[in-house]
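A.B. asks: Sequence plus the predicted model coming up.
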Amino acid sequence: MRRQTSTSGINPAGSSRVMRLDPLSLPLSFQAQDTRADGGVRRIELHRERVVLHRAVQGMQMAINVRVSDFLGVGLRGLDDAQMLVLVHRDPSLNIPLGVSSDRDEITSAWQMWSDIFQLPQLPEDHPSEPAVRRRRHNAIRARRPKFLVRRRGGDLLNPANIHQGEREIIARD
């Protein structure tokens with residue numbers, strides 16, 4: 001796996017270079033800021049079909065493997081004097097920074113390339129993140145009748161309208 005250390009990740013002190021990843025040289029491995037991780041850094045492995053996030057939280061090492069198809073798209077976010085490309089996930093802690101640039105044409109072409117490579121939609125600038133659709137928590141199969149009871153007609157024995165005229169109700173007693 002190749003590493004792009006000179007143009008990606010957290011910039012060394014005094015560096016004036018901005019973060020910029022090359023979409024044509026996948027797979028990539030780089031570091032990005034993570035406020036909840038130990039040391040404020042997480043390592044990201046970016047492949048065409050998956051993303052692996054390596055980080056340590058309170059001394060516990062973890063690797064999170066996420067399919068690229070699970071991401072919502074490639075988003076464009078405005079910064080103070082530049083714009084940033086982000087691989088947007090439903091969970092904001094899983095967003096992946098792809099590049100930062102102050103050149104509008106450069107960021108637009110990179111936005112198109114990342115979108116084409118991952119086959120994800122381009123999300124507009126400052127796209128409001130909608131909450132995830134909640135999954136149903138009930139089991140549809142549990143409400144079904146057992147197979148042998150499907151052939152039988154269900155009835156309501158407690159309803160007096162079900163007792164036909166001329167018939168007596170039989171009550172069994174011990």
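C.D. replies: In hand now; what should we look at?

A.B. asks: could I get stretch 28-36 in PDB with only the CA atoms?
C.D. replies: The C-alpha coordinates for stretch 28-36 follow below in PDB (Å, rounded to 0.1, in the frame of the first residue of the first chain):
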ATOM      1  CA  LEU A  28      -4.200   5.600   0.100                       C
ATOM      2  CA  SER A  29      -3.100   5.700   3.700                       C
ATOM      3  CA  PHE A  30      -3.000   9.000   5.600                       C
ATOM      4  CA  GLN A  31      -3.700  10.600   8.900                       C
ATOM      5  CA  ALA A  32      -6.500  13.000   9.800                       C
ATOM      6  CA  GLN A  33      -7.700  14.900  12.900                       C
ATOM      7  CA  ASP A  34     -10.100  13.100  15.200                       C
ATOM      8  CA  THR A  35     -11.000  15.000  18.400                       C
ATOM      9  CA  ARG A  36     -12.200  11.900  20.200                       C
END
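
A.B. asks: Mind listing residues that contact stretch 43-54?
C.D. replies: The contact list for stretch 43-54 (CB atoms under 8 Å, 6 or more residues apart in numbering) reads 1, 21, 26-32, 42, 55, 61-69, 71, 87, 94, 96, 117-118. Where you see a C-beta, it was placed from the backbone N, CA and C, and this is true even at glycine.

A.B. asks: show me where the protein has strands.
C.D. replies: For the chain, strands defined by DSSP state E occupy the ranges 28-33, 41-46, 50-57, 60-67, 73-78, 83-88, 96-101, 122-123.

A.B. asks: Tell me who's in contact with the spatially closest residue to residue 87 that is not a sequence neighbour.
C.D. replies: Excluding its sequence neighbours, the residue lying closest to residue 87 (CB to CB, 6 or more residues apart in numbering) is residue 96, at 3.9 Å. By CB under 8 Å, 6+ apart, residue 96 lies in contact with 32, 44, 46, 51, 71, 86-87, 89.

A.B. asks: Fine by me, thanks again.
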